[in-house]
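Q: Here is a sequence with its predicted model. Questions after.
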Amino acid sequence: MKGYAGKLLRVNLTDGKISKEEISESMKKDFLGGRGFAVKLLWDEVKRVDPLSEKNKIILATGPLSGQMLPSSGKMVIASKSPLTGGYGDGNIGTLASVHLRKAGYDVVVVEGRSEKPCLLVIEDDQVRIVEASELWGKNTFDVQDHLEKTYGRNSGILLTGPAGENLIPISTVMSQRGRAGGRPGMGAVMGSKHLKGVVIKGTGSIPNADDGQLKALGKKGYEEIKGKESYDFWMRQGTMQAFEWCNENGCLPTYNFREGVFEFSKEMDGYVLEQFHVDRKGCPMCNMQCGHVIKDSEDQRAELDYENVGMLGPNIGLRDLRQVALLNRMADEWGLDTISLGSGIGFLMEASERGLIKEKIGWGDFVAAQKLIREIGMGEGTGSLVSRGVKAASEALGKDSYRWAMHVKGLEISAYNCHGCPGMALSFGTSPIGASHKDAWIIAWEIATDRFSYSKEKVEKLVEFQRIRGGFFESATVCRLPWVEVSFGLHWYPEYLEAITGIHRTWEDLYQIGDRIYTLIRAFWKREIPQFGRTWDFPPDRWFEEPHSQGKVKGVTVDRKKYEEMLSYYYQLRGWDENGIPLKQTLDRLELKEVAKEITGSF
Ligand code: PTT
Ligand code: SF4
């Protein structure tokens, strides 16, 4: 099939062996790329291993659309067995590394083993080297990015783990370009466990597409369409921060560890305040709607802000000063800590302190304490160490009723949408294949605009549709979904792009089928790795069922547990999974995953 480099690069850091393998036609046809390739490789090669042992593997995977001259294509999936959740983990990062990998002649890199000394993986077309990097160990991601740009050139693709990843902190992510982050479920720690400080990629070739002329013409039209969209100007002003005011108005801004949904100081830090402080815009390669807004933080350093980061490091910990939030955000980026898990962890500790469950006094909005906690979390020391393995582990250590307000699903912290009054979004978090991420189905906007409080079948069907498009298609074609989500860029473009690239005509129905295969295989992966995995893992925390907000639009509202159960059962039915959420044999057969059945039998 055209449109793929067709090669997988395998690097073993234990013995230094480097090999190149053909990617089979059936792999391309059945799994498309990105997340699809990642889960297939992890299913085949990573079986019941300790995520931080040398037996785990890191997959860097692009898809057929990645790095092409079409809107927002500079994306890459980073996946592994997660040290945070114990299940399938991945993230989607915007990075020059995506473009360069494709030009260097590879679609996927599999990194296995563990280097004796800290190292870098350097890929320059077909020259692939493992380079000792002891001098970079312990250094923050901004300094290392600067150093590597000086050494390998400003335009190089660079992926890095920070000091938190080196310290094997399970809430560490992978960083690129001083402000792009990907791999929330501990992908930074997996790199750290391999003594892999970073990956540098430089490619000079081209991608063998079926029809370059057609792709160029379609790509140009796509860029023009995006620029002409009504919502484009406002998007360029505020980017993802446009969600801040909307969430506050609708009672879903995570506030005081998700206790409330409106923040009394929201006007001091919303998208309009961001506009006043704005000094620069950054983003991923190939994008003409760049959303990274840079402001000067409270120490006058540059920091890039996104809604999730501000929601979790602002209202969720009671902090009201946007420039101070920016400083915490910058610290997270330097340490390579995921901002969502970090904000959730700090909020959890503040609540624990308020309830007298920990000795240290940490007040809501205490900026100095938050900085100290970030350093402790990154080091795995002191009070901060309690949440450096995530809030699930923290609540298990703390005991009492803290599990009720440890805000996670499957061990991954909930991103910045409070769902007391959004049962569809609660189910989206409950059924996301990596734990509580919004990436697979951001149904909340549709839900609030239609029938917010309903638990209808239609809502569950919409959720599955979103998962198919977002978690299935965008993660495996591996391009940014924001053109479609934020400025209503037409979905019809994507099968057209795919056809110009691969030479094969596929409908959205065909692409849904690939998405379903990917979801079902991820589900099987969880089951194989965690034998007790099942229905009870698909629930958000008790706080959403039991503790209503005291103010705002959804004051007094909670998610109805019985109705949530009914939605979940219908969700399983739509997916072809049993009442415990385990894929049925006939579903595995239908999705051509027959070989998977014997690995999860006993569940039937
Ligand atoms: C994503 C998650 C998000 S999602 C945000 S802000 W968001 C947080 N960003 C972090 C950060 O920054 N620094 C840090 N230390 N930790 C961070 N953790 C959080 O990580 C991101 C954009 C955004 S901004 C979103 S919604 C979209 N996500 C996409 C996706 O998942 N898939 C896809 N096909 N397209 C997407 N487009 C958008 O990309 P994770 P990025 Mg990200 C500073 O990685 O693990 O999936 O977590 O990649 O390059 O930073 O772009 O309001
Ligand atoms: Fe990257 Fe934002 Fe552009 Fe998407 S919209 S490609 S996240 S800069």
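A: Received the coordinates, thanks. Ligands and ions are numbered 1, 2, ... in the order given.
Q: OK, now which residue of this structure is nearest to ligand 1?
A: Using C-beta to the nearest ligand atom, the single residue of the chain nearest to ligand 1 is residue 91, 2.4 Å away. Every residue, glycine included, has its C-beta placed from N, CA and C.
Q: Secondary structure class of that residue, three-state.
A: Here residue 91 is strand, with the state taken from DSSP: H, G, I helix; E, B strand; the rest coil.
Q: so it makes contact with residue 176?
A: No: applying C-beta atoms under 8 Å as the test, residue 91 and residue 176 come out as separate, 11.0 Å apart.
Q: What are the neighbouring residues in contact with the residue positioned nearest the centre of the chain?
A: Nearest to the geometric centre of the chain sits residue 91, at 3.6 Å (C-alpha atoms, centre = their mean). Neighbour list for residue 91: 77-79, 173-174, 181-185, 187 [criterion: C-beta atoms under 8 Å, 6 or more residues apart in numbering].
Q: let's see 7 Å
A: Counting by C-beta atoms under 7 Å, 6 or more residues apart in numbering, residue 91 touches 78, 173, 182-184, 187.
Q: so which of those are also by ligand 1?
A: Applying C-beta under 6 Å from any ligand atom to the contacts of residue 91, one finds that 173, 182-184 fall near ligand 1.
Q: Farthest pair within those?
A: Maximum pairwise distance among the ones next to ligand 1 among the contacts of residue 91 (C-beta to C-beta): 7.8 Å, between 182 and 184.
Q: hey, what's in contact with both of the two?
A: Residues touching both residue 182 and residue 184 by C-beta under 7 Å, 6+ apart: 91, 173.
Q: okay, the two: which has more neighbours?
A: Between residue 182 and residue 184, counted using other C-beta atoms under 10 Å, the more crowded position is residue 184 (32 against 23).
Q: The more buried one belongs to a strand?
A: No: remark: residue 184 does not belong to a strand; assigned using three-state DSSP, it is coil.
Q: So which residues on the stretch 201-350 of the chain come close to ligand 2?
A: Listed as neighbours of ligand 2 in the stretch 201-350 of the chain under the rule C-beta under 6 Å from any ligand atom: 283-284, 287, 289-292.
Q: Then the stretch 451-600 of the chain?
A: 480, 482.
Q: In contact with the residue in the stretch 451-600 of the chain that ligand 2 sits nearest to, which residues?
A: Closest to ligand 2 within the stretch 451-600 of the chain is residue 480: 3.3 Å, counting by C-beta to the nearest ligand atom. With contacts defined as C-beta under 7 Å, 6+ apart, the neighbours of residue 480 are 72, 75, 94, 284, 287.
Q: cool, and residue 409?
A: For residue 409, the contacting residues are 429-430, 435-436, 540, by C-beta under 7 Å, 6+ apart.
Q: Please, where are all the helices along the stretch 501-604 of the chain?
A: All helices of the stretch 501-604 of the chain, identified by DSSP state H, counting those that start in this stretch, fall at 508-529, 542-546, 561-575, 585-590, 594-597.
Q: Can you flag the weakest of these by average pLDDT?
A: When the helices of the stretch 501-604 of the chain are compared on mean pLDDT, helix 594-597 scores lowest, with a mean of 91.
Q: any idea how far that helix is from the chain center?
A: Offset of helix 594-597 from its chain centre (C-alpha atoms, centre = their mean, to the nearest Å): 28 Å.
Q: For that helix, buried residues please.
A: Within helix 594-597, the residues that count as buried by 16 or more other C-beta atoms under 10 Å are 596-597.
Q: Which elements pack onto that helix?
A: Using 3 or more C-beta pairs under 7 Å, 6 or more residues apart in numbering; DSSP states H and E, the elements in contact with helix 594-597 are helix 585-590.
Q: Near ligand 1, which residues of this structure? Just list them.
A: Within the chain, the positions near ligand 1 by C-beta under 6 Å from any ligand atom are 75, 91-94, 173, 179-184, 240, 284, 304, 306-309, 332-333, 337-340, 439, 474-475, 480-482.
Q: circling back to that earlier point, dig out what the residue nearest to the centre of the chain forms beta bridges with.
A: Partner residues in beta bridges with residue 91, using DSSP bridges, are residue 78.
Q: where's it relative to residue 174, distance?
A: Per C-beta to C-beta, to the nearest Å, residue 91 is found 7 Å from residue 174.
Q: same check, this time on residue 551
A: Residue 551 sits 38 Å away from residue 174, going by C-beta to C-beta.
Q: Those two: which is more packed in?
A: Comparing residue 551 with residue 174 by other C-beta under 10 Å, the one with more neighbours is residue 174, at 33 against 13.
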